[in-house]
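> Need a 3D model of the sequence below.
(2 chains)
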2 protein chains.
Amino acid sequence: MSAEQTAIEVPEGYRPLDVETLAPYLGEHPALRERLGGDPAAWQVEEVGDGNLNLVFLVRGPAGGLCVKQALPYVRLVGESWPLPLDRAFFEHEALVEHGRHAPGLTPAVYRFDPVLMLTVMELLEPHIIMRRGMIQGIRYPRAAADMAEYMARTLFFTSDLGMPAAEKKARVAVFCANTALCNITEDLIFTEPYMVHDNNWWTSPQLDNAAAAVRADAPLKRAVSRLKCRFMGSAEALIHGDLHTGSIMVTQDDTRVIDPEFAFFGPMGFDTGAFVGNLLLNYFSQDGHATEADDRTAYKAWVLETVEEFWGAFAERYGALWAERGGDAYPAALFAGAEGEASLAQARDAAIADLFTDTLQFGAAKMIRRLLGIAHNIDFEWIEDPDRRAACERPALLLGRELLVNAASYRTIQAVTDAARDFQARAGA
Amino acid sequence: MSAEQTAIEVPEGYRPLDVETLAPYLGEHPALRERLGGDPAAWQVEEVGDGNLNLVFLVRGPAGGLCVKQALPYVRLVGESWPLPLDRAFFEHEALVEHGRHAPGLTPAVYRFDPVLMLTVMELLEPHIIMRRGMIQGIRYPRAAADMAEYMARTLFFTSDLGMPAAEKKARVAVFCANTALCNITEDLIFTEPYMVHDNNWWTSPQLDNAAAAVRADAPLKRAVSRLKCRFMGSAEALIHGDLHTGSIMVTQDDTRVIDPEFAFFGPMGFDTGAFVGNLLLNYFSQDGHATEADDRTAYKAWVLETVEEFWGAFAERYGALWAERGGDAYPAALFAGAEGEASLAQARDAAIADLFTDTLQFGAAKMIRRLLGIAHNIDFEWIEDPDRRAACERPALLLGRELLVNAASYRTIQAVTDAARDFQARAGA
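Next up is the predicted model:
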C-alpha cells in the first residue's frame, strides 16, 4: 500500500454495526427475519472476522443462520491509519452475484446488499471451514480440486471475450475499473514490496535473512515480477476473483464455496488459477512443520500435490470444453467451420491454455513469495511455532517460487511442477 | 460490422450542419468568429469529408481558417442502413485533447467541442495534405518518420502503466470502454471478415480470387489473427489512436499532424505502431503501379522502406528513453536502483520493446490483409486503374502480410522486415 493517506468517503448513514446493533437491523427486513425465525432479541450474533479488512458476523436464529460482512473504512489488520474505500463492498457484491450466476452452487447465496452500510447478507455456510485451516489439520477434501476447477473454468470463461459479448464485457470492465484501491494493494504488496526494503515486510528472522536479501538482489526475478505486474495492471482478460487463496474457500467433504471476492476486477486469468496453485504448494511445504509422531504427513503431502495436478487437469479440460461448446466474439466460429476448422480451433485452444499455464505458474509463484517475505503471511507457516522448523519449511517454498517465476516457460506440465516441489523439498532436507 | 441494427441515440437539438448552416453556427461563438474574422456571411465553407464516417468542413475567413468535423448517426460510406453512435465524436475529442497534451505540436489544436451537435472545431491544417495522397504522388516527407515515432512514443508511454498512475489510468480506461461500437468495427472488419466469406469483402477479381480463397483456408493464419483479436479485445495497455494509417496523418515537408482518433480506446500499443508500419508497407507495394516512364519509383520505394526503418528505430529509442527517464507504477524504480539495477531495467526495457516489435508486425500485417480483402481498401492500390497491374502489386503485399502475421516472432529487426518486403516484391516480379 502506498503511504499516501486519502480521505475515505463514507455514505451518509454509514455506521459500523456490532453484536448489539446487527440483530435489530436484520429484524427490519422481513425476508431476512424469516430466514432466522423467532424474535431478533433471541438471535445469537458473533463477530468472527479473522481476515485483514472487514467485520464478519454470524447470526443464528431458530429457523436458520446468516453471515453478514461489513466493510470498514480502513484496513482492520492495521487500523485507522490505513484508510480503505468502503466501495470494495460494492465490488465484492457485484462479483459474488456475477460469479454465482456463472458457477452456481460454488459461491454463497446472497440475500441483501446495503449500499449505505456497505454490508452484504449471505448464506451462513455450515459446517464449512476455511480450506486453509482444514489443510493445516491434514484434512482431505475430495471435491476441492474438481470444484475449484469448475468455479474457475466457468467464472473466467464466461466473463472473457470468449464467453461474453464484447460490448457487455467492456461495460463490466468499466464498472470494475473503479476498484483501484484494492488493485493497488495487490500491485504494491504482491508485485513490489517483497522485492525491496520496506517497513511492511517481515520474515522468519534471522533464519531467512539471507534468502530475503537474495530475493532483493535477484535481477532476473525482479524483471520477471515487474513484467507480471505490468500484465496485472493492463490485461483485462476476465472478471477475476483477485484473492483466490485457500483462505477464500470454505469447504466440507462434499461442498466447496468461494467467498470474499472484494479484490475482483478484470485482470489476467492466471492470477486466479495461480493463487490457488501457489497456496496449495505453500501448504505442501508447510506440512513437515505440522508433522507429529502419530502422523508424519507424508500421505497428506502426496494428496496436496495430487490436488494440484487434479485441479489443473480438470481446469484445462473444463475451460477447453466450454470454449469448444460456446465459441464467442474472439476466435469466431465462422473462421473455424467444419472438421478441419474444429481441429485448428482445438490447436488454438491448446496454445491458449498452455500460455495460461505459464501465467498460472508465474502468478502463483509471486503469491508464494509475497506470503513468505511480504506483509501478509499464511497460517500454514505461521502456526509452526519453532522458527528453525518453520524456516526449514519456508526456504524451499521460497526457492521454488523464485524458480517458477523466472523459469515458468520451461515447465510444460503440471507434473513437472509437482516434481519440482518434491525435489526442492528433498534437496532442502538433504 | 455485425448485421444487427441498433437504434442510435441522437441528443435533443442534434442536426447535421451543411455549407449553409455552418457559418451562422460558428458566428455565434466569439472566439471562433474572431479566428475567422469579418462577416460570417462572407466565410467560405466547403464540405470535404472523403473518409468513411463523418462530415468534414473547411471554413475560411479573412483572418484565418477552421476545420469542423461532425459525426453522423450512420456510416457515411454505407448510408443510414448502417447506424453508428454519435458519441464517437466525444471519444475523438477526448483522445485529441489527451494525445495533444502528451505529444504537443503533433495533433491539430482543438477550439471547441459541441456535445449536442457532436462536432469538434479544430485548427485548419494548411498547406498539409493527407500523407497517403502525398505518398501516392511520390512525395517524400523527411520529418514523418521521426515525428510519428515521437507521437507514438509519447502518447503510448504516457497513457500506459509506465507513464500514468494506476488509478488515473483505470479511470480513463473506464471512460473509453464505452467506445464499443467503434471497437466492434475493428474487431469485425480487421480481425474477422477478411478471413471468411462475407458480403462486405471485395478484392481485385478475378486476379486475386485464389489468393483470397487461400487466406480463407489458411488455418495457422486464422488462428494467429484470432489470437490477435483476443489481445485487441482484452489488452488495455495504453490509450491508442486506433486507426493510425497514413490517411490519419496530415503532412507538409516540415510538419506532421495526427488526426481522426475516433477509434481511440485503451488497447494494445502494437495496434498503433503496426497500423503505421503496415500502411507504409502497403504503399511500398503499390508504387510499381504508379510508376511512369519519367519516374519508375525505384528511389521512392527505397525511401518508403527507409522510413519504415527510421520510424521503428526512432520509436524504440524514444519510448525506451521515456521509460528510462520516467519510470512509473509498473517496473518500480525502487526495484532497479543503482548501476546494476539500471542495467537490469535496460534489459527489461529491451525485452518489452522486442515484444512490442512482434505485436507491431502482427497487427501491421492484419491491417495489410484487411485493406486488400476486406470492406475498406486503400487508394494506394485503388488508384491503380489497370486491374492486372493492381493485382500484381497487391499479391506480394498480401503474401507478406500472411508471413508477418504467422511468423512475426522470427523477425528480430526492422531491417529483416524491409528485406522481406523487397524479397517478396522481387519474387512476385520474377
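
> and A:Leu228, helix, strand or coil?
Per DSSP: H, G, I helix; E, B strand; the rest coil, the secondary structure class of A:Leu228 is helix.

> okay, it: pLDDT?
A:Leu228 carries a pLDDT value of 98.

> Contact residues of the stretch 251-400 of chain A facing chain B?
Counting by C-beta under 8 Å from any C-beta of the partner chain, the stretch 251-400 of chain A comes close to chain B at A:329-332, A:334-336, A:340-341, A:344-345, A:347-348, A:351-352. Just so you know, the C-beta spots here come from the backbone N, C-alpha and C atoms, and that holds for glycine as well.

> Out of those, which end up buried?
Buried by 16 or more other C-beta atoms under 10 Å in any protein chain shown: A:329-332, A:335-336, A:341, A:344-345, A:348, A:352, out of those.

> In contact with A:Arg427, which residues?
A:Pro396 (C-beta atoms under 8 Å, 6 or more residues apart in numbering or on different chains).

> Just the buried positions in the helix or strand hosting it, please.
Assessed by DSSP states H and E, A:Arg427 sits inside helix A:414-429. The neighbour-count check on helix A:414-429 (16+ other C-beta under 10 Å) flags A:414, A:417-418, A:420-421, A:424-425, A:428 as buried.

> From the residues you listed, list the ones also adjacent to chain B.
Of those, not one also sits near chain B (C-beta under 8 Å from any C-beta).

> on that earlier part again, out of the residues of the stretch 251-400 of chain A next to chain B, which comes closest to A:Met196?
Using C-beta to C-beta, A:Ala352 is the member of these that lies nearest A:Met196, at 33.7 Å.

> Give me the distance between the residue nearest the centre of chain A and chain B.
Note on chain A: the residue nearest the mean C-alpha position is A:Leu244, at 1.0 Å, using C-alpha atoms, centre = their mean. According to C-beta to the nearest C-beta, to the nearest Å, A:Leu244 stands 19 Å off from chain B.

> Next: A:Gly49.
A:Gly49 is 27 Å from chain B, by C-beta to the nearest C-beta.

> can you check A:Tyr141 too?
33 Å.

> next one: A:Leu156
Distance of A:Leu156 to chain B, computed by C-beta to the nearest C-beta: 12 Å.

> Assign that residue to helix, strand or coil.
Classified using three-state DSSP, A:Leu156 is helix.

> Burial check on it, number of neighbours?
The number of residues packed near A:Leu156 is 28, by other C-beta atoms under 10 Å in any protein chain shown.

> Looks like it contacts A:Ala238 (just checking).
Yes - A:Leu156 lies in contact with A:Ala238 (C-beta atoms under 8 Å); the separation is 4.5 Å.

> List the residues that are in contact with both of these two.
With C-beta under 8 Å, 6+ apart, A:Leu156 and A:Ala238 have common neighbours A:Met269.

> Backbone dihedrals for A:Val251, please?
phi -140, psi 150 (degrees, to the nearest 10).

> OK, contacts around it?
Contacts of A:Val251 (C-beta under 8 Å, 6+ apart): A:128-131, A:134, A:141, A:143-144, A:257.

> From those, which land in strands?
Secondary structure from DSSP state E places A:129-130, A:257 of these in strands.

> Buried only: go through the residues you listed for me.
The buried subset of these - by 16+ other C-beta under 10 Å - is A:129-130, A:257.

> Among the residues you listed, which one sits closest to chain B?
A:Arg257 (27.9 Å; C-beta to the nearest C-beta).

> for the stretch 301-430 of chain A, what spans make up the helices?
For the stretch 301-430 of chain A, applying DSSP state H, counting those that start in this stretch gives helices covering A:338-373, A:379-382, A:387-407, A:414-429.

> what distance separates the second one from the centre of its chain?
Between the centre of helix A:379-382 and the centre of its host chain there is 16 Å, according to C-alpha atoms, centre = their mean, to the nearest Å.

> which residues touch it?
A:132-133, A:135-136, A:204, A:282-283, A:286, A:289, A:371-372, A:390, A:393-394, A:397.

> Swap in 7 Å and give it another go.
A:132, A:136, A:282-283, A:286, A:289, A:390, A:393-394 (C-beta atoms under 7 Å, 6 or more residues apart in numbering or on different chains).

> which residues of chain A score low on pLDDT?
A:1-7, A:51-52, A:430 (pLDDT under 70).

> returning to what we had before: show me the one of the helices of the stretch 301-430 of chain A that comes nearest A:Gly79.
Taking these one by one with C-beta to C-beta, helix A:379-382 is closest: 20.0 Å.

> which parts of the closest one are buried?
A:380-381.

> Identify the farthest-apart pair in the buried residues of helix A:414-429.
A:Ile414 and A:Ala428 (21.4 Å).

> show me what contacts the residue nearest to A:Gly313 when sequence neighbours are not counted?
The spatially closest residue to A:Gly313, leaving aside those adjacent along the chain, is A:Ile414, at 6.7 Å (C-beta to C-beta, 6 or more residues apart in numbering or on different chains). A:Ile414 is in contact with A:308-309, A:312-313, counting by C-beta under 7 Å, 6+ apart.

> When you filter the residues you listed down to buried only, what's left?
A:308, A:312-313.

> quick check, nearest of these to chain B?
Nearest member of those to chain B, counting by C-beta to the nearest C-beta, is A:Trp312, at 21.4 Å.

> what residues are up against the closest one?
A:277, A:414.

> Save the contacts of helix A:379-382 as CSV, and put in distance to A:Leu162 too.
Below are the contacts of helix A:379-382 laid out as CSV (distance: C-beta to C-beta, whole Å):
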residue, distance to A:Leu162
A:Arg132, 31
A:Ile136, 37
A:Leu282, 30
A:Asn283, 31
A:Ser286, 36
A:Gly289, 41
A:Arg390, 42
A:Cys393, 39
A:Glu394, 38
